[in-house]
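# sharing a sequence plus its predicted fold:
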Amino acid sequence: MVQIGSFRVEFFHVSHSVPDAVGLGIQTPAGLVVHTGDYKFDMTPVDNWPTDFAKLAEFSRRGVLALLADSTNSERPGWTPSERLVDGALDDVFNEAKGRIILASFASLISRMQQVANAALRHNRKLAFVGTSMVDNAKMARKLGYLEIPDQLLVTADQAKSMEDSQVVLMCTGSQGEPTSILGRLSTGSHRTLEIQPGDTVVLSSHPIPGNEENVYRTINRLFQLGADVIYEAIAPVHVSGHASHEEMKLMLNLVRPKYFIPIHGEIRQLKRHAHIAEQLGIPAENIAVIDNGQVIEISQEGMETDERVVAGAIFVDGSGVGDVSEDVMREREALARDGMLLIRINLDRYSGSLRSDPEITSRGFILTRDADGMLEGLRKKIAGSISSLSKNLEKDVEQAAKNYLYEATRRQPMIFVTISRT
């Protein structure tokens, strides 16, 4: 328990995919607020330390003003399976694999490290952690007592290279398809010392984070092309979520019985679904707040107010600058990356306003058609026809004429920059 100003904060253990995960009971002048953090109700966790039901019941007896609860799996019915389910799936993988086993997971998922180590021990294989974060986390977890692995079970990645393939398990990062991760580099053949070879069995022990699906499946496809057998959540239970599903959310609400409810940790669709579950359990709709990042909520025994808003969102780091890149600049960069650019240089007679030479056109990142010369000649004629000595916005006129011509010819919209000199 800690005292922070007028707030007294109590911690209670919750089951999740990282060790020592906690929720918060925050005693405020207005009442008790419970924040679950990421959680699930796993009755048989790998570390044998389930969520603290007794503390949640104690909060309920004291009276909970508001509950803020994880909404990540609010679209999943039933209960989230126990971590123990993975043990059987790993045994199946180890029984079937004839060559090396390469298992990718989060470096923070210590319980999965323990399960892989146990499986390696059962099937007479040696285990090597690969990658800085995986090696460092395993080392710290062993030192603190969260990971029990016999010294004789562990080998280095270099030692694993000289061993029989059937005796090796490599555990690394990259389950989300990150290009710079170990598995990401293995899938593209860009790792300095290791490479995928036919006969390898690659296991992705994770669920794609929303937005990462394309990277994950691209990585899986590349691994198949290199000759590996790839096993992932869609075809075998090699991963279970660390977040509560419907029935656990209902149990949390029934245990705590808050006056007000604020679903958190999820996209708006998931927050809305969690709010609907709370309504089914009898919490009035007016006592539930589905809010955006940055919205300020004032809660008292009399009600909730959500009028005020503070600045919140992504902060861009660009070189030595932090937070000084605007969204307009990022949109321009996206446009440049998507369609490229054209630079048009025009030289006019300073007295008559007529062209002194053909417009110069420079292209970067803009793919021209096979008839590039013909298209550029047509563009020059279009530009020449748009030039008027009487125009007050000659740059804009030329830019618009070029945009219209290129879109009709290519259905693409590169960024166009026009410079005009008069000599």
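Looks like it came in fine. Quantities reported herein were computed from a predicted structural model and do not represent experimental measurements.
# so Arg364 sits right up against Met415, yeah?
No - Arg364 is beyond contact range of Met415, at 9.7 Å (criterion: C-beta atoms under 8 Å). (Each C-beta comes from the backbone N, C-alpha and C, glycine too.)
# neighbour count: those two, which is higher?
Met415 (18 against 11; other C-beta atoms under 10 Å).
# wait, Arg84 touches Asn48, no?
No - in this structure Arg84 lies outside contact range of Asn48 using C-beta under 8 Å: 10.4 Å.
# quick one: low-confidence ranges for this structure?
Counting by pLDDT under 70, the ranges of the chain that qualify are 368-371, 389-390.
# which residues of it fall in helices?
For the chain, the helices defined by DSSP state H cover 53-62, 85-96, 110-122, 132-144, 157-161, 182-188, 213-225, 246-256, 268-280, 327-339, 372-386, 394-410.
# may I have the last one as PDB, with CA atoms only?
The reference is to helix 394-410. The C-alpha coordinates for helix 394-410 follow below in PDB (Å, rounded to 0.1, in the frame of the first residue of the first chain):
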ATOM      1  CA  LEU A 394       0.500  30.600 -62.200                       C
ATOM      2  CA  GLU A 395       2.100  28.000 -59.900                       C
ATOM      3  CA  LYS A 396      -1.300  26.700 -58.800                       C
ATOM      4  CA  ASP A 397      -2.600  26.700 -62.400                       C
ATOM      5  CA  VAL A 398       0.400  24.600 -63.600                       C
ATOM      6  CA  GLU A 399       0.100  22.300 -60.600                       C
ATOM      7  CA  GLN A 400      -3.600  21.600 -61.100                       C
ATOM      8  CA  ALA A 401      -3.100  21.100 -64.900                       C
ATOM      9  CA  ALA A 402      -0.300  18.500 -64.200                       C
ATOM     10  CA  LYS A 403      -2.400  16.800 -61.500                       C
ATOM     11  CA  ASN A 404      -5.400  16.400 -63.800                       C
ATOM     12  CA  TYR A 405      -3.200  15.100 -66.700                       C
ATOM     13  CA  LEU A 406      -1.300  12.600 -64.600                       C
ATOM     14  CA  TYR A 407      -4.400  11.300 -62.900                       C
ATOM     15  CA  GLU A 408      -6.200  10.700 -66.200                       C
ATOM     16  CA  ALA A 409      -3.000   8.900 -67.500                       C
ATOM     17  CA  THR A 410      -2.000   6.900 -64.500                       C
END
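# which other helices and strands contact it?
strand 341-348, helix 372-386, strand 415-422 (3 or more C-beta pairs under 8 Å, 6 or more residues apart in numbering; DSSP states H and E).
# now do the third one
The elements that helix 110-122 packs onto, with contact taken as 3+ C-beta pairs under 8 Å, 6+ apart, are helix 85-96, strand 126-129, helix 132-144, strand 168-172.
# just the helices and strands packed on helix 394-410: most buried one?
strand 341-348 (a mean of 18; mean count of other C-beta atoms under 10 Å).
# can you list contacts of that strand?
354-357, 359-366, 383, 387, 389, 398-399, 402, 406, 414-423 (C-beta atoms under 8 Å, 6 or more residues apart in numbering).
# tell me which of the helices and strands packed on helix 110-122 sits nearest to Ser320.
helix 132-144 (24.9 Å; C-beta to C-beta).
# rewinding a little: make CSV out of the helices and strands packed on helix 394-410 and add distance to Ile268.
Putting the helices and strands packed on helix 394-410 into CSV (distance: least, C-beta to C-beta, whole Å) gives the following:
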stretch, distance to Ile268
strand 341-348, 35
helix 372-386, 45
strand 415-422, 32
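# show me this structure divided up by domain.
2-78+242-305, 85-231, 318-422 (automatic domain parsing).
# report the separation between the two terminal residues of the longest one.
Distance between the two ends of domain 85-231: 16 Å, counting by C-alpha to C-alpha, to the nearest Å.
# now swap in stretch 234-248 and tell me
23 Å.
# could you do stretch 183-199 as well?
First-to-last residue span, stretch 183-199, C-alpha to C-alpha: 16 Å.
# from now on call the first residue 885
Yes, from this point I'll number from 885; that puts the last item at stretch 1067-1083.
# show me the contact partners of it.
Residues outside stretch 1067-1083 that contact it (C-beta under 8 Å, 6+ apart): 982-984, 986, 988, 1014, 1041-1042, 1045, 1049, 1054, 1056-1059, 1061-1063, 1066, 1086, 1088, 1103, 1106-1107, 1110-1112.
# do that again at 6 Å, thanks
Gly983, Ala988, Cys1056, Gly1058, Glu1062, Thr1103, Arg1106, Leu1107, Leu1110, Gly1111, Ala1112 (C-beta atoms under 6 Å, 6 or more residues apart in numbering).
# check these and tell me the two furthest apart.
Pairwise over these, using C-beta to C-beta, the maximum falls at Gly983 and Glu1062, 24.3 Å.
# if we can go back for a sec, okay if I get the domains of the chain as a markdown table plus distance to Ala1196?
As requested, the domains of the chain are exported to a markdown table (distance: least, C-beta to C-beta, whole Å):
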| stretch | distance to Ala1196 |
| --- | --- |
| domain 886-962+1126-1189 | 3 |
| domain 969-1115 | 19 |
| domain 1202-1306 | 12 |
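# let me see the contact set for Ala1022.
Here Ala1022 is in contact with Met997, Phe1013 (criterion: C-beta under 6 Å, 6+ apart).
# separation between it and Tyr1235?
77 Å (C-beta to C-beta, to the nearest Å).
# how about Asp1242?
Taking C-beta to C-beta, one finds Asp1242 at 20 Å from Tyr1235.
# ok, these two, which is more surrounded?
Comparing Asp1242 with Tyr1235 by neighbour count (other C-beta under 10 Å), the higher total belongs to Asp1242, at 14 against 8.
# list the buried residues for stretch 942-953?
Going by neighbour count (16 or more other C-beta atoms under 10 Å), the buried part of stretch 942-953 is Phe943, Ser944, Val948, Leu949, Ala950, Leu951, Leu952, Ala953.
# alpha carbons of it, as CSV, please.
C-alpha atoms of stretch 942-953 as CSV (Å, rounded to 0.1, in the frame of the first residue of the first chain):
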residue,chain,number,x,y,z
GLU,A,942,-13.2,-7.2,0.3
PHE,A,943,-13.4,-4.2,-2.1
SER,A,944,-17.0,-5.0,-2.8
ARG,A,945,-17.8,-5.2,1.0
ARG,A,946,-16.3,-1.7,1.4
GLY,A,947,-18.3,-0.3,-1.5
VAL,A,948,-16.8,0.5,-4.9
LEU,A,949,-17.6,3.8,-6.4
ALA,A,950,-16.2,3.0,-9.9
LEU,A,951,-14.6,0.1,-11.7
LEU,A,952,-12.2,0.5,-14.6
ALA,A,953,-11.8,-2.9,-16.3
